[in-house]
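> Starting from these lines, generate the structure:
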Amino acid sequence: MKKVLLVMAVTLMSVLQICAQATKVTAKDMQMFRLYGAVVDSFTGEAVDSSVVTVWNADSTRMVGSTYNAGWGWRVSLPASGDYIVCYSHPRYQPVSCHVKLNFSHHRRPRITLDSMKLRKRRLNTEEDYTDGQILSEVVVTASKIKMVTRGDTVIYNADAFELANGSMLDALVRQLPGVELKGGRIYVNGEFVDNLLVNGRNFFRGNPKIALDNLPAYMVDKVKVYRRESDRDVALGIQRLNNREKELVMDVGLKRIYSFGWSVNADVGMGTDDRYRAKLFGLRFSNYTRSVAYLNSNNTNDASTPGTSGQWSSQYNLTVPSDYTSAGLMHTIDDRQRRFTYEGEVSVDYNKQDTRTRQSSVRFLTTEDTYSRLRSQDETSATHIATRHTFELKRPGSGFHIVLKPKVEYTDNRSDAASWLAELSNPIDERIGTIIDSIFFMSDRPFSQQSFLVSTQAIQRHMKGHLWSGGMDASASLKLSELGDVLRFSFGGSFADGRTRTGELNTVRFYQLPQNPDTERNTQGIATTRNANGMFSVDCP
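Coordinates of the predicted model:
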């Protein structure tokens, strides 16, 4: 009996020890971090099954994990944060290795997903590689230009390989690039919006790519590259995005060396009948670190446009009446050589004058006696708009902070003088409307010859004069808190508006055949003021 109890005790102690060890392993395993990824073919994009993925420490002396890629991807457990080397290999593909810096967190970042690794197939260099080779009797080699090549995640287009009409601008070239579309002045590559258009690796009037698209001659372009890069904010904060999808997509237009510095000028001047005229001028000066633009559009052909896309300037206003329109502006951009800051500024002036004249005849059918109305009116309006906008970005690489300031000020002046003259008669008169109106309202020394047919007259004079100052400031500041990518972001801004509008109207009505209706004259004046200001401030840690 004692032997039986002794055996049972030993067995129980062994089971408890095994369970304790299993518990320790499980606890240790629970503390392991997870690294995920995928391996795909660089051409087809399909998963490369059975490819070996190994993870080494920073000096390649110790392997810390190994696995195989499957249809869904791969996963490796790692003990801690740090620098690692991830190696990819497959018998039919070229081996690739990359260095990654991983920052794990037990509670907030226990897993990290790397961007998919694209493997290229090996070249066939030996006779054994050519299992189904055939001997060709004759080979004809024809020289051709390669339109596009792929280097890693970068797509490179050769501008000289595309046939373009003489005088074509950059937008005509971009439209021909495979997989690239232009929609509403925006660039899309394989359906994805391009965040920035660069020229020689530098921002070209950020947020306004249409200036380069419509006014940069295509013959100046050497290569067009499409790739992903860290945003200026991430570079300044020292944040590295391991997932490629989180990086911004850019199109980099590389100019031929001879055109890397210089001027580009486009002019369009025309004259026509009835004193019609149109003049457009666009001048661009550029270098690796500065860009300056000056433009002018002046005409009386209802063409209210500014530099745009599709080979034409885009219209800001819908002008449906004869107008005198003038628009001019200056833009300037400075990029620091060490990429510490960027400045972008713009000053624009718009002037629009419209003169609307109306002549109208109408008949009102009554049971007693029909009446005939003659109306003439004119309305002269003018609007002047002056605006200045600036952007200053402090973005020193690796500094741990990023600041953006965007001040703007605008001034608008609107004026209008309008008048209308209406005469109602009991008998139709064949004279011209202008002659009738002038005889009734402006020739007091000579009574209207058809005075007996006058029923009533109405004269209205209106005027308006207004101005408005407006502006504001949008600003943001980001500060890096930890190596995990935690960022403290401050956002603040404000706007103001201060304006006044004066209006007046003189309305005079007279009756000629109905003495019981007295003449009336009404004079009204009004002042409307606009004055407001607001601001906002927020702090967040995304």
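> for the record, mean pLDDT for the helix or strand where V404 lies?
Assigned by DSSP states H and E, V404 belongs to strand 401-425. Strand 401-425 shows an average pLDDT of 94 in the prediction.
> Mind giving me the packing neighbours of the following helix or strand past that strand?
Per DSSP H and E, the first helix or strand lying C-terminal to strand 401-425 is helix 433-441. In terms of contacts (3 or more Cβ pairs under 8 Å, 6 or more residues apart in numbering; DSSP states H and E), helix 433-441 is packed against strand 341-364, strand 371-394, strand 401-425, strand 454-480. For the C-beta atoms, the positions are set from N, CA and C on the backbone; glycine is no exception.
> Dump the second one to CSV, restricted to CA.
Read it as strand 371-394. What follows is strand 371-394, C-alpha atoms only, in CSV (Å, rounded to 0.1, in the frame of the first residue of the first chain):
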residue,chain,number,x,y,z
THR,A,371,-52.5,98.4,-72.2
TYR,A,372,-49.1,98.5,-73.8
SER,A,373,-45.8,98.7,-71.8
ARG,A,374,-42.4,99.9,-72.9
LEU,A,375,-39.4,99.2,-70.6
ARG,A,376,-35.7,100.2,-70.8
SER,A,377,-33.2,99.4,-68.1
GLN,A,378,-29.4,99.3,-67.6
ASP,A,379,-27.3,97.9,-64.8
GLU,A,380,-23.5,98.6,-64.5
THR,A,381,-21.7,96.4,-61.9
SER,A,382,-18.1,96.1,-61.0
ALA,A,383,-16.3,93.8,-58.6
THR,A,384,-12.6,93.9,-57.4
HIS,A,385,-11.1,91.0,-55.4
ILE,A,386,-7.6,91.1,-54.0
ALA,A,387,-6.2,88.1,-52.1
THR,A,388,-2.9,87.0,-50.6
ARG,A,389,-2.2,83.6,-49.2
HIS,A,390,0.9,82.1,-47.7
THR,A,391,2.2,78.8,-46.4
PHE,A,392,5.2,78.4,-44.2
GLU,A,393,6.3,74.9,-43.2
LEU,A,394,9.0,74.1,-40.8
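> Could you export the helices and strands packed on helix 433-441 as JSON lines, including mean neighbour count and distance to D540?
Shown next, in JSON lines, are the helices and strands packed on helix 433-441 (neighbours: other Cβ atoms under 10 Å; distance: least, Cβ to Cβ, whole Å):
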{"stretch": "strand 341-364", "mean neighbour count": "15", "distance to D540": "24"}
{"stretch": "strand 371-394", "mean neighbour count": "17", "distance to D540": "20"}
{"stretch": "strand 401-425", "mean neighbour count": "18", "distance to D540": "14"}
{"stretch": "strand 454-480", "mean neighbour count": "17", "distance to D540": "10"}
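> tell me the angle of the strand holding V404 relative to strand 454-480?
Interaxial angle, strand 401-425 versus strand 454-480 (axes from the mean of the first three to the mean of the last three Cα atoms, to 10 degrees): 180 degrees.
> Could you list the paired strands of strand 401-425 along with their orientation?
strand 371-394 (antiparallel), strand 454-480 (antiparallel) (DSSP bridges).
> Make TSV from these and add mean pLDDT and distance to S97 to it.
Below are the strands paired with strand 401-425 laid out as TSV (pLDDT from 0 to 100; distance: least, Cβ to Cβ, whole Å):
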stretch	mean pLDDT	distance to S97
strand 371-394	93	35
strand 454-480	94	28
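> ok so, going back, which one of the helices and strands packed on helix 433-441 lies closest to P91?
For the helices and strands packed on helix 433-441, proximity to P91 was assessed by Cβ to Cβ; strand 454-480 is nearest, at 43.1 Å.
> ok, back up a step: export the helices and strands packed on helix 433-441 to CSV and tack on distance to E46?
Listed next are the helices and strands packed on helix 433-441 as CSV, based on distance: least, Cβ to Cβ, whole Å:
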stretch, distance to E46
strand 341-364, 41
strand 371-394, 41
strand 401-425, 39
strand 454-480, 38
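> Out of these, which gets nearest to Y88?
Relative to Y88, the nearest member of the helices and strands packed on helix 433-441 by Cβ to Cβ is strand 454-480, separated by 30.8 Å.
> now the helix or strand following the closest one: mean pLDDT?
Once strand 454-480 ends, the next helix or strand along the chain (criterion: DSSP H and E) is strand 487-511. Confidence for strand 487-511, expressed as mean pLDDT, is 94.
> now stretch 347-358
The predicted model assigns stretch 347-358 a mean pLDDT of 91.
> and the closest residue to K256 other than its chain neighbours, what does it touch?
Nearest non-adjacent residue to K256, counting by Cβ to Cβ, 6 or more residues apart in numbering: D222, 4.4 Å away. By Cβ atoms under 8 Å, 6 or more residues apart in numbering, the contact set of D222 is A159, D160, G254, L255, K256, R257.
> tell me which of these is nearest to D498?
The closest of these to D498 turns out to be L255 (Cβ to Cβ; 44.8 Å).
> Out of the strands paired with strand 401-425, which is closest to M443?
Proximity to M443 (Cβ to Cβ) singles out strand 454-480 among these, at 13.2 Å.
> Please identify which helix or strand holds the residue nearest to K256.
Assessed by DSSP H and E, D222 sits inside strand 221-229.
> contacts for the helix or strand following that strand?
Remark: after strand 221-229, the chain's next helix or strand is helix 232-237, criterion DSSP H and E. For helix 232-237, the external contacting residues (Cβ under 8 Å, 6+ apart) are 240-241, 247, 339, 342, 393-402, 478, 480, 487.
> tell me the angle the helix or strand following helix 232-237 makes with strand 221-229.
Going down the chain from helix 232-237, the next helix or strand is strand 248-255, by DSSP H and E. Counting by the same axes, to 10 degrees, strand 248-255 lies at 160 degrees to strand 221-229.
> tell me the mean pLDDT over strand 248-255?
Averaging pLDDT along strand 248-255 yields 88.
> Just list what whatever helix or strand comes next after that strand packs against, helices and strands only.
For strand 248-255, the succeeding helix or strand toward the C-terminus, using DSSP H and E, is strand 262-271. Judged by 3+ Cβ pairs under 8 Å, 6+ apart, strand 262-271 is in contact with strand 277-286.
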